[in-house]
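>>> Starting from these lines, generate the structure:
(2 chains)
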Amino acid sequence: MRFVTSLFVGLSAAVLLTSCGAGGEDQGTEYAPNMYHSVAYEPYTQIVDEDAGRWVTSIDYPDGHAEYFNSNKFNPNRMNMRESAPNTVSRNKNGWLPYRLGKDSLAYASAHMKNPLDSTAEIVASGKALYEMYCDHCHGPKGAGDGKVAAGVKIDGVQKGNYNGVPDYKSDALKNISEGHIFHVITHGKGLMWAHGSQISPEDRWKIAKYVKTLQK
Amino acid sequence: MSSDSRFVPLVLKTDTEPNMIKHFTSSACKFFTLVLVFALISFTNYAQEISKDPAAISAGQALFNANCKACHRVHQKLVGPALAGVYDRTPSIDWIKSFVKNSSAVIASGEPYAVKLYNDYNKTQMTAFSAFKDEEIMNILAYVKAETDKGPEPTTNAGPTPPTGTTPQDGLPSSYLNVILIGMVVILILLLVVLGFLVSALKRFLDQKTLSEEEADVVNPTVTTGSIFKSRGFVFVVVFVTAALGFKAVINGLYSVGVQQGYAPKQPIAFSHKIHAGQYEIDCKYCHVGVMKGKSATIPSVNICMNCHNQIKSGTLTGDTEIGKIVKAYETNKPIEWVRIHNLPDLAYFNHSQHVNVAGVECQTCHGPIETMDVVRQHSLLTMGWCIDCHRKTDVNTKGNAYYDNLVEIHNQSKKTPMKVEDIGGLECSKCHY
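Presented below is the predicted three-dimensional model:
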């Protein structure tokens, strides 16, 4: 009989343990949770529930929050990330200051902005790689304005929405634009294209400008 | 006729003010030419018919697609106005020609229609297409007229498209198979019950008779089901199977502690990677911009969503409810609280840029077929064993990277196999735990 009892205990332990795995909404059981959760503020692992992890809390935090809570109460929306302080600028590793021409200075930028990079094969090649990351899906692989987002796609015979207003790089209006023009338009957008300055660093924008000029030949 | 003649009125206006004979004569001359040109224009206007020649229309279509499509559609307002019927509503065909060739000059001339147009469209200036020849503009107009006469196409991207009905089915659907299976099981059970009744009825019948010893042995065997259940062999098999299964379940359960493989939480916005990365083939890095540069691949900020969704306001699956949430977040400047799926414990360090930028690992190697997922789930184990396994098997991507030159040289002196990640410290504790 003792054997049967131990068998029963073992089986129920097994059944209990199978519920430890993750799936769907269930995150599963954590091992050593104190070591899993960051005490420091992390931008992308934010616990906003002040009572999360009360059962492992061993420190008396002055504001009474539990172990896992790591959101900044003093920031807007309790975010851990902050916007940079007003009137400050960041410099990149080349020591470049941010691009300061406003959106309406396209004519000035086209005429006066010069690409600081050389037209080496290496730079054009990395411009191509960047073009394929950031531009391809609208402007198309050859810059004809026929990317999948611009042209729309057909799935199971249903035409899906597309993004209007993507030009052909080789059109009369665009084929003679300067690299400064391209840089300015990537930074601030033009027509229906929105600004991409937040996504693409200035060096990468200049590289893309180099590659776009090769597409226009 | 030259398009410049259209802008004479402006010169005339400014020049008539100074009371000087020289200016007067020159402006009188200009006035005279202007009258002449106007006469010419009105004369030639009757001669300018928009062609219905298919060759002109197709030439115009090619020109339209290459040059105009970015801002104009025939039946839809885009950056610029819809062009349907443009030849009827504008002052004249020649006005169109001069406007296309140099719109800013027409606007500067103070021509009322052009000025109104300019103001109606938020002072957006149309690009000057000075290289266009008159007949090319006429070809484009021929195309526009042909499209106008055709009428607007049924809209394709307005509103969610209705569901396409049930998916095409190959053979029997699985629900039918289930019904058939259940039916067969029921029939089998019924058969067993009937057989049981038969056996007991027969036994009762035989019990009433006097049987010989041999016959009695057959009817009442010494080996009954009860004796089988109590036999040592049977008990051993049952205990063994149960214990083995239980052991496996325990081990599996223990291994799943701290592993979040399969975690697929519901997100505040039902964003589908299948649509964005799969069907539209938008590069992962377009949105996850940090992946080449830093530790985190970064979750796109709302302005990146809005780069497309300022225009695409209605999705195929959910209409405008889900996209509406992005627009609202953008307008109210409220962060969208996405649920993190890949929760690497704080005790381990991982850097995306080292793997994606330096090693050139594809996103799918660790994240699985993301481009087919409507709801993202954690594809890989993300355990230490899983990391180590890959570091043992993977060759270091040393091509075109001067950083590795010396390491490769030293490695090749002692070993013949290609340099793996483990050979350059990929298994050292402090690489990831510090």
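>>> OK, contacts around the nearest residue to B:Met292 once chain neighbours are set aside?
Using Cβ to Cβ, 6 or more residues apart in numbering or on different chains and skipping the chain neighbours, the partner closest in space to B:Met292 is B:Asn357 (4.6 Å). For every residue, glycine as well, the C-beta is placed using N, CA and C. Going by Cβ atoms under 8 Å, 6 or more residues apart in numbering or on different chains, B:Asn357 touches B:291-293.
>>> For those, pick the one with the most neighbours.
Tallying neighbours with other Cβ atoms under 10 Å in any protein chain shown puts B:Val291 at the head of the contacts of B:Asn357, with 20 neighbours.
>>> measure that residue to A:Ala52 for me?
28 Å (Cβ to Cβ, to the nearest Å).
>>> and what of B:Glu49?
The value you get for B:Glu49 to A:Ala52, if Cβ to Cβ is used, is 77 Å.
>>> Have a look at those two and say which one is more surrounded.
More crowded of B:Glu49 and A:Ala52, by other Cβ under 10 Å: A:Ala52, with 18 against 10.
>>> Please give the element, helix or strand, for the nearest residue to the more buried one once chain neighbours are set aside.
Of all residues not flanking A:Ala52 in the chain, A:Tyr68 sits nearest, at 4.0 Å (Cβ to Cβ, 6+ apart). Taking DSSP states H and E as the definition, A:Tyr68 sits outside all helices and strands.
>>> cool, B:Asp405 as well?
helix B:405-414.
>>> which parts of that helix are buried?
Buried residues in helix B:405-414, counted by 16 or more other Cβ atoms under 10 Å in any protein chain shown: B:408, B:411.
>>> and if you look at stretch B:253-264?
Judged by neighbour count (16+ other Cβ under 10 Å), stretch B:253-264 contains these buried residues: B:253, B:256, B:258-264.
>>> for stretch A:30-44, same thing?
A:30, A:33, A:36-38, A:42, A:44.
>>> Then stretch B:69-87?
B:69-74, B:78-84, B:86-87.
>>> Of these, which are in range of chain A?
B:69-71, B:73, B:78-79 (Cβ under 8 Å from any Cβ of the partner chain).
>>> Can you pull the domain assignment for chain A?
A:29-84, A:103-215 (automatic domain parsing).
>>> Now the longest one: average pLDDT?
Just to be clear, that refers to domain A:103-215. Domain A:103-215 shows a mean pLDDT of 90.
>>> May I have the distance across it, first residue to last?
Taking Cα to Cα, to the nearest Å, domain A:103-215 runs 25 Å from one end to the other.
>>> does that domain come close to chain B?
Yes - counting by Cβ under 8 Å from any Cβ, chain B is contacted by domain A:103-215 at A:132-134, A:136-137, A:145, A:148-149, A:152-153, A:155-168, A:170-174, A:191-196, A:198-201.
>>> Just the buried residues of these.
Among those, those buried by neighbour count (16+ other Cβ under 10 Å) are A:133-134, A:136-137, A:145, A:148-149, A:152-153, A:160-168, A:170-174, A:191-196, A:199-201.
>>> pretty sure A:Ala22 contacts B:Val259?
Yes - between A:Ala22 and B:Val259 there is a contact under Cβ atoms under 8 Å: 6.7 Å.
>>> what touches both of these two?
In contact with both A:Ala22 and B:Val259: A:Gly28, using Cβ under 8 Å, 6+ apart.
>>> Tell me the confidence at B:Leu172?
Model confidence at B:Leu172, given as pLDDT, is 57.
>>> B:Thr155 too?
On the pLDDT scale, B:Thr155 is placed at 50.
>>> likewise B:Glu422?
Per-residue confidence (pLDDT) for B:Glu422: 92.
>>> Compute the number of surrounding residues for it.
By other Cβ under 10 Å, the residues close to B:Glu422 number 16.
>>> now swap in the one 3 residues further on and tell me
Burial of B:Gly425, expressed as a neighbour count using other Cβ under 10 Å, amounts to 11.
>>> Relative to chain A, how far out is it?
In this view, B:Gly425 and chain A are 23 Å apart by Cβ to the nearest Cβ, to the nearest Å.
>>> which residues touch A:Glu179?
A:113-115, A:206, A:209-210, A:213.
>>> Now do the SS call for residue 106.
Chain wasn't specified; assuming chain A. Secondary structure, DSSP: H, G, I helix; E, B strand; the rest coil: A:Leu106 is helix.
>>> what's the nearest residue to it if we skip its chain neighbours?
Once flanking residues are discounted, A:Leu106 sits nearest to A:His184: 5.5 Å by Cβ to Cβ, 6+ apart.
>>> So the one you found is in contact with A:Ala111, correct?
No - when contacts are counted by Cβ under 8 Å, A:His184 is not listed as touching A:Ala111 (10.6 Å).
>>> who's more crowded, those two?
Neighbours were counted for A:His184 and for A:Ala111 using other Cβ under 10 Å; A:His184 has more, 27 against 10.
>>> pretty sure that one is in a strand, no?
No - counting by three-state DSSP, one finds A:His184 to be helix, located in no strand.
>>> Provide a list of residues in contact with it.
Per Cβ under 8 Å, 6+ apart, neighbours of A:His184: A:101, A:105-106, A:109-110, A:113.
>>> What count of nearby residues applies to residue 51?
With no chain named, the answer covers chain A. A:Asp51: 14 neighbours (other Cβ under 10 Å).
>>> actually chain B
B:Ser51 is flanked by 19 other residues according to other Cβ under 10 Å.
>>> Quick check on it: phi, psi?
Torsion angles at B:Ser51 (phi, psi; degrees, to the nearest 10) stand at phi -70, psi 150.
>>> any idea how far the closest residue to it other than its chain neighbours is from A:Tyr68?
The shortest distance from B:Ser51 to any non-neighbouring residue, by Cβ to Cβ, 6+ apart, is to B:Ala142 (4.5 Å). According to Cβ to Cβ, B:Ala142 stands 69 Å off from A:Tyr68.
>>> which of those two has more neighbours?
B:Ala142 (25 against 22).
>>> Report the separation between the residue nearest to A:Gly102 when sequence neighbours are not counted and chain B.
Excluding its sequence neighbours, the residue lying closest to A:Gly102 (Cβ to Cβ, 6+ apart) is A:His188, at 7.5 Å. Going from A:His188 to chain B by Cβ to the nearest Cβ gives 12 Å.
>>> check contacts around A:His188.
Per Cβ under 8 Å, 6+ apart, neighbours of A:His188: A:102-103, A:106, A:195, A:197.
>>> can you tell me which two in those residues are farthest apart?
A:Leu106 and A:Gly197 (13.7 Å; Cβ to Cβ).
>>> The residue nearest to B:Cys363 when sequence neighbours are not counted - how many residues pack around it?
Ranked by Cβ to Cβ, 6+ apart and with sequence neighbours excluded, the top spatial neighbour of B:Cys363 is B:Cys284, at 5.0 Å. A total of 20 residues lie near B:Cys284 under the criterion other Cβ under 10 Å.
>>> Please give me every residue in contact with B:Cys284.
So B:Cys284 contacts B:277, B:291, B:363, B:370 (Cβ under 8 Å, 6+ apart).
>>> helices or strands up against the helix or strand containing B:Ala59?
Per DSSP H and E, B:Ala59 falls inside helix B:54-63. Helix B:54-63 sits against helix B:134-150, with contacts defined as 3 or more Cβ pairs under 8 Å, 6 or more residues apart in numbering or on different chains; DSSP states H and E.
>>> Flag every buried residue along the helix it packs on.
Using 16+ other Cβ under 10 Å as the burial criterion, the residues of helix B:134-150 that qualify are B:136-148.
>>> Tell me the one of those residues nearest B:Val235?
Closest to B:Val235, out of all of those and judged by Cβ to Cβ, is B:Glu147, at 85.9 Å.
>>> got the contact list for the closest residue to the closest one other than its chain neighbours?
Excluding its sequence neighbours, the residue lying closest to B:Glu147 (Cβ to Cβ, 6+ apart) is B:Val74, at 4.2 Å. When contacts are counted by Cβ under 8 Å, 6+ apart, B:Val74 touches B:82-84, B:144, B:147-148, B:152.
>>> so B:Thr321 sits in a helix?
Yes - counting by three-state DSSP, B:Thr321 is found in a helix.
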